[in-house]
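Engineer: what follows is a predicted structure for the sequence shown.
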Amino acid sequence: MSLNRDEVQKIAHLAHLAMDDREAEGYAAALSDIFDFVAALNEADIEGVAPMAHPLDAEQRLRPDAVTEVDQRERFQAFAPAVEGGLYLVPRVIE
Amino acid sequence: MTLDTLSGWARHLRARDISSRELTAFYLERIERFDALLNSFVTTTPEAALAAADAADRRLARGEAAPLLGLPVAQKDIFCTEGVRTSCGSKMLDPFIAPYDATVIERMNAAGAVMLGKTNMDEFAMGSSNETSYYGPVRNPWDPERVPGGSSGGSAAAVAARLVPGATGTDTGGSIRQPAAFCGVTGIKPTYGRVSRYGMIAFASSLDQGGPLAASAEDCALMLNAMVGFDPRDSTSLDRPSEDFTAGLARDLKGLRIGLPKEFFGADLSASMRLAIDAALAVLAERGATLVEISLPHSHLSVPTYYVVAPAECSSNLARYDGVRFGHRCDDPQDLMDLYTRSRAEGFGAEVKRRIMIGTYVLSAGYYDAYYLKAQKVRRLIADDFRRAFEQVDVIASPTSPEVAFHLGDKSADPVQMYLSDIYTIAVNLAGLPGLSMPAGTIDDLPIGLQLIGNYFDESRLLNVAHQFQQDTDWHARMPAAFL
């Protein structure tokens, strides 16, 4: 399978990765190689095989719906990129 | 002071011939002296280490016993350590000071371990050579022009050069076993669900598993005792009765059936590797084991399956890094989308971006069935191969890696070639089985690893086989002369 630059740009957009055209060109070649390699899966006979999501087919354990976390806002905000008055700052989203 | 193993040091500490402070200072000095060459640590914590050593000495003086009491260890920089930078080898997390301890760290600290620092690794554990780290590559102590393997390359190199007697690693597709093989140390990836993933930065959640690297199987057993255990904070942690992994080490190997997958011993295996592996298997046969040919018919599909499943899970897990609450943020974001996309573009390296994009693609509308669902089905075929094999044999043996450590830069331009470096280890993660690598010989003076794969929860057996092998061989005891 061959991915072109525009297709890579579309994937990068979905993945929220900024990427210029020159970079996208480079990824197009590497990703195409990887998808060619992965195409080997097409030869497998998977008729009637159930997909496997967990190695031991275990179910997610449930826990009681109880509050267990304590407020540690100051601690967690100590290493945040930008905070003010206990709030995380991002660029203005509403004009 | 003469170098010793974790188990050896534990005896010395209990006999009080040495204090934990002396031992800790000894290894800190080795790191200071040798790590400029290897780059195996991204952070050292000497003050905290000496304080922990003093605390351990007080406990030892009171006659307390704990499995790792007073023993120096290193932690892979993927495990969150409270108050200490936890970078996961990424620029994205370079500013991240973890606010809590991973369960593995908590358990090892409670067992009395003394952390010397955090080891270098491939960025977000994605790599087989330790060359994708933001902090630069780690060098192989046996030949500094070669890679140590990855992603737990810092841990493997540090143990091989005896800068620390034991270190933790994580293994998603071979990341404990392959660097263990390349560096000539012993490492074990337990059954999926044995070691808690809480506080272990996620790459591919259905495959990731923590485990120890050390000089010997006996040392790995000692560390595993502290690491394994049920954790309610990890929703995939398995609730099993506790087990002493050192208890079965001395069992003999009479009647043990070892399966050799014909797919792993085919024409693709180099003559020199075949020779070295055969010699190692002969040692086990001498001890009473029977070698049996088996087949894992879908094993050739394991690397392609992995490169759908692991990137898919990676793209979901790494969606959390958005530059808002922690981690790298770009300068002067114009709007929210610019903040997200530039922070991520700047914070992640090329291999991580490749995998995020593969994962994004295979999970996107219209491609999910063709890639992800298909890969999950093939994953079951691969696991079923092992299930059938374990009806005939007790353990499976193979080379850990098709070759010895390669030169820095050799495979970095070709991702697929790099991925194939894990061809013998990846199926084990897909099936969720335990796997061990131990030093089993050399090719051109470079270590090779023998991989042992066990049935679910059969870690004790793997450690037993490796320990018995290590009674008759000294590959595990050898170390690169430059670090003596």
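Structural biologist: Received it, and whenever you're ready, just let me know what you need.
Engineer: for B:Y306, pull up the helix or strand it's in.
Structural biologist: helix B:302-317 (DSSP states H and E).
Engineer: do that helix and chain A meet?
Structural biologist: Yes - Helix B:302-317 comes into contact with chain A (C-beta under 8 Å from any C-beta of the partner chain), by way of B:303-305, B:307-308, B:315. C-beta here means a position set from N, CA and C on the backbone, and glycine is covered the same way.
Engineer: just want the residue of chain A that's nearest chain B.
Structural biologist: Among the residues of chain A, A:P55 lies closest to chain B, at 2.2 Å counting by C-beta to the nearest C-beta.
Engineer: skipping adjacent residues, who's closest to that residue in space?
Structural biologist: Taking C-beta to C-beta, 6 or more residues apart in numbering or on different chains as the measure, A:P55 lies nearest to B:G432, with 2.2 Å between them; neighbours along the chain are not counted.
Engineer: show me what contacts the residue of the stretch 101-250 of chain B found nearest chain A?
Structural biologist: Taking C-beta to the nearest C-beta as the measure, the stretch 101-250 of chain B has B:Y192 as its residue closest to chain A, at 4.5 Å. B:Y192 is in contact with A:55-56, B:206-207, B:209, B:236, B:429, B:432-433, counting by C-beta atoms under 8 Å, 6 or more residues apart in numbering or on different chains.
Engineer: counting neighbours, what do you get for residue 37?
Structural biologist: Just so you know, I chose chain A. One way to gauge burial is a neighbour count; for A:F37, by other C-beta atoms under 10 Å in any protein chain shown, it gives 16.
Engineer: nope, chain B please
Structural biologist: The burial count assigned to B:L37 is 14, neighbours taken as other C-beta under 10 Å.
Engineer: what's the spacing between the helix or strand hosting it and its chain's center?
Structural biologist: Take DSSP H and E as the rule and B:L37 turns out to sit in helix B:20-38. For helix B:20-38, the separation from the chain centroid amounts to 22 Å (computed by C-alpha atoms, centre = their mean, to the nearest Å).
Engineer: mind jotting down where the helices sit in the stretch 351-484 of chain B?
Structural biologist: Shown for the stretch 351-484 of chain B, the helices assigned by DSSP state H, counting those that start in this stretch span residues B:374-389, B:415-419, B:426-431, B:459-472.
Engineer: list the contacts of the residue of chain B found nearest chain A.
Structural biologist: In chain B, the residue that lies nearest chain A is B:G432 (2.2 Å; C-beta to the nearest C-beta). For B:G432, the residues meeting the contact criterion (C-beta under 8 Å, 6+ apart) are A:54-56, B:191-193, B:383, B:456.
Engineer: run a quick neighbour tally on residue 20.
Structural biologist: Because you didn't say which chain, this covers chain A. Other residues lying near A:D20 total 10 when counted by other C-beta under 10 Å.
Engineer: you looked at the wrong chain, it should be chain B
Structural biologist: When neighbours are counted by other C-beta under 10 Å, B:S20 comes out with 26.
Engineer: which among the contacts of B:G432 gets closest to B:I18?
Structural biologist: Within the set of the contacts of B:G432, B:T191 lies nearest B:I18; the separation is 35.1 Å, counting by C-beta to C-beta.
Engineer: count of neighbours near the closest residue to the closest one other than its chain neighbours?
Structural biologist: Spatial nearest neighbour of B:T191, excluding adjacent residues (C-beta to C-beta, 6+ apart): B:P434 at 4.8 Å. If you count neighbours by other C-beta under 10 Å, B:P434 ends up with 27.
Engineer: lowest confidence element among the helices and strands of the chain?
Structural biologist: By default, I'm working from chain A. When each helix and strand of chain A is scored by mean pLDDT, DSSP states H and E, helix A:73-77 comes last, with a mean of 93.
Engineer: my bad, chain B
Structural biologist: For chain B, using mean pLDDT, DSSP H and E, the weakest element among its helices and strands is helix B:415-419, scoring a mean of 92.
Engineer: what residues of that one count as buried?
Structural biologist: Counting neighbours by 16 or more other C-beta atoms under 10 Å in any protein chain shown, one finds that the buried residues in helix B:415-419 are B:415, B:418-419.
Engineer: and the pLDDT for the residue nearest in space to the middle of chain A?
Structural biologist: Chain A has A:A15 as the residue nearest its centroid, 6.5 Å off, counting by C-alpha atoms, centre = their mean. Looking at A:A15, its pLDDT reads 98.
Engineer: quick one: contacts for the residue lying closest to it once chain neighbours are set aside?
Structural biologist: Excluding the flanking residues, the one nearest A:A15 by C-beta to C-beta, 6+ apart is B:T360, at 4.3 Å. Taking C-beta under 8 Å, 6+ apart as the criterion, B:T360 is in contact with A:11, A:14-15, B:315.
Engineer: from those, which land in helices?
Structural biologist: With helices identified by DSSP state H, the entries of the contacts of B:T360 that belong to them are A:11, A:14, B:315.
Engineer: list the contacts of the second one.
Structural biologist: Contact analysis of A:L14 by C-beta under 8 Å, 6+ apart lists B:360, B:364.
Engineer: cool, the last one as well?
Structural biologist: By C-beta under 8 Å, 6+ apart, the contact list for B:S315 reads A:15, B:355-360, B:363.
Engineer: no more questions from me, cheers.
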